[in-house]
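1. below is the structure, and that's it, no one-letter string:
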């Protein structure tokens, strides 16, 4: 038996020695080619499966509004004594798709951006993937995160599965779904996560609204005006972000709000019995990252850009250019768990907060009493 094994090993060795060098190389290349083909097929299959799973939950949002066109003057060439004639304004009805959203409960709760449904005088409608149209009965707007919860009257919707945005990685494959330009429903684009923890101005000229957001996801998946409010999903079909904005200065630069912000919002909404109760601070601000702080020789935190009149911030004598560095002894940083939005979410209306601000090179202690948003 041992002799037989030795003979077999010798034969195998001789075969390797006499085989043409190119033959082994071809085998190696062939194996590599098959491996690459399998990889491509697997990625394509995962993408298709993720889209099939999530697209029934993505909706298109339209606006229905009547406006009055301002009056104007016309020239009457046949009346030299009174050539200018005033033409009264006319009513104009606006009906168009303006954004996207996605279903988060079977009984009619839909997530979108606040700037998509910012007009409190308008009526909004939702077009589902199966071409049914519903009138939005109620809108709850989140003043902190450019998010809104819409309610429509139905109970047989397919909610999207919510993922976890706390473990996202650069280079991770993602898919954006929505209605770009208000025309092309159920459009899908794919790409990767290009950046995390970005600060942006949300909105677009198409939607005529801009709001400052921090700690958003950057992606090179094509996001266009009208995509706002749609889902950014991973390859398992889970929503990991809310498509929010596109950079006007560059190409293939889109942004999305992390889905964990949505999960916090839904918890607040359900706890408050179907409304959003957010404590009101009354500032517009811009986050200062560690890098910017070192460059400009200022502390890391939130730089106040504007103070709203009559707000808790004004009552506490906060001023533009102040930098908020601490809430209740906790540092304010450009990280999701340490932003002003996250700190405020941990408090309720009426709470008195001890706040540290940096002003003109000095640290000052302030006390702010939180109020409800209007």
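-> Arrived safely, thanks for sending. Only a predicted model underlies this, so the values are computations on that prediction, with no experimental measurement involved.

2. this protein: helices as residue ranges?
-> 2-18, 21-54, 259-271, 290-296, 312-315, 340-345 (DSSP state H).

3. list the contacts of residue 305.
-> Contact analysis of residue 305 by CB atoms under 8 Å, 6 or more residues apart in numbering lists 212, 283-286, 320. From N, CA and C alone the C-beta is placed, and that goes for glycine too.

4. now do it against residue 60, distance only.
-> According to CB to CB, to the nearest Å, residue 305 and residue 60 sit 34 Å apart.

5. go on, residue 139?
-> 16 Å.

6. higher neighbour count, the two?
-> More crowded of residue 139 and residue 60, by other CB atoms under 10 Å: residue 60, with 25 against 17.

7. could you give the average pLDDT over stretch 281-294?
-> For stretch 281-294, mean pLDDT rounds to 80.

8. quick check: closest non-adjacent residue to residue 260.
-> residue 165 (4.7 Å; CB to CB, 6 or more residues apart in numbering).

9. thought the one you found was touching residue 239?
-> No: using CB atoms under 8 Å, residue 165 makes no contact with residue 239, being 9.2 Å away.

10. mutual contacts of the two, please.
-> Common neighbours of residue 165 and residue 239 (CB under 8 Å, 6+ apart) are residue 259.

11. more neighbours, these two?
-> Each of residue 165 and residue 239 has its neighbours counted (other CB under 10 Å); residue 239 has more, 27 against 24.

12. what residues are up against that one?
-> Residue 239 neighbours (CB under 8 Å, 6+ apart): 54, 102, 160-163, 231-233, 259, 262.

13. nearest to residue 278, of those?
-> Nearest to residue 278 among these is residue 262, at 14.2 Å by CB to CB.

14. how about the strands in the stretch 51-200 of the chain?
-> Secondary structure of the stretch 51-200 of the chain (DSSP state E, counting those that start in this stretch): strands located at 58-68, 72-75, 84-87, 91-105, 109-112, 123-127, 133-135, 138-142, 147-151, 173-178, 187-204.

15. of all those, which lies closest to residue 243?
-> strand 173-178 (5.4 Å).

16. what's the angle between that closest one and strand 91-105?
-> Inter-element angle recorded for strand 173-178 and strand 91-105: 140 degrees (by axes from the mean of the first three to the mean of the last three CA atoms, to 10 degrees).

17. chain center to strand 173-178, what's the gap?
-> Strand 173-178 sits 11 Å away from the centroid of its parent chain (CA atoms, centre = their mean, to the nearest Å).

18. coming back round to it: tabulate the contacts of residue 305 in JSON lines, adding columns for neighbour count and distance to residue 352.
-> Below are the contacts of residue 305 laid out as JSON lines (neighbours: other CB atoms under 10 Å; distance: CB to CB, whole Å):
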{"residue": "212", "neighbour count": "16", "distance to residue 352": "26"}
{"residue": "283", "neighbour count": "22", "distance to residue 352": "17"}
{"residue": "284", "neighbour count": "14", "distance to residue 352": "22"}
{"residue": "285", "neighbour count": "24", "distance to residue 352": "20"}
{"residue": "286", "neighbour count": "15", "distance to residue 352": "26"}
{"residue": "320", "neighbour count": "12", "distance to residue 352": "23"}
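
19. tabulate the residues you listed (CSV), appending distance to residue 365.
-> Shown next, in CSV, are the contacts of residue 305 (distance: CB to CB, whole Å):
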residue, distance to residue 365
212, 26
283, 17
284, 22
285, 19
286, 22
320, 19
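
20. and of these, the nearest to residue 331?
-> After measuring the contacts of residue 305 against residue 331 - CB to CB - the closest member comes out as residue 285, at 15.1 Å.

21. poorly predicted segments of the chain, please.
-> 1-41, 68-90, 143, 199-214, 246-252, 335-338, 342, 345, 372-374 (pLDDT under 70).

22. could you break it into its assigned domains?
-> Domain assignment for the chain by automatic domain parsing gives 165-271, 279-372.

23. burial measure for residue 198, as a count.
-> 16.

24. so it sits against residue 241, correct?
-> No: if you go by CB under 8 Å, residue 198 and residue 241 don't touch, sitting 11.7 Å apart.

25. can you check which residues contact both of those two?
-> Contacts common to residue 198 and residue 241, judged by CB under 8 Å, 6+ apart, are 216-217.

26. follow-up on the earlier one: run through the residues that contact the residue nearest to residue 260.
-> By CB under 8 Å, 6+ apart, the contact set of residue 165 is 217, 240-241, 258-261.

27. how about residue 356: what's its closest non-neighbour residue?
-> residue 326 is the one closest to residue 356 (CB to CB, 6+ apart), at 3.9 Å.

28. tell me who's in contact with that neighbour.
-> Residue 326 neighbours (CB under 8 Å, 6+ apart): 301, 332, 355-356.

29. give me that answer again for 10 Å
-> With contact taken as CB atoms under 10 Å, 6 or more residues apart in numbering, residue 326 is in contact with 299, 301, 332, 343, 353-358, 363, 365.

30. same deal with residue 133?
-> Residue 133 neighbours (CB under 10 Å, 6+ apart): 59-60, 62, 125-127, 152.

31. hmm, back to that, ok, and the most crowded of the contacts of residue 326?
-> Busiest of the contacts of residue 326 [other CB under 10 Å] is residue 301, holding 26 neighbours.

32. roughly how far does the closest residue to that one other than its chain neighbours sit from residue 361?
-> Using CB to CB, 6+ apart and skipping residues adjacent in sequence, the residue nearest residue 301 is residue 325, 4.1 Å away. Per CB to CB, residue 325 is found 13 Å from residue 361.
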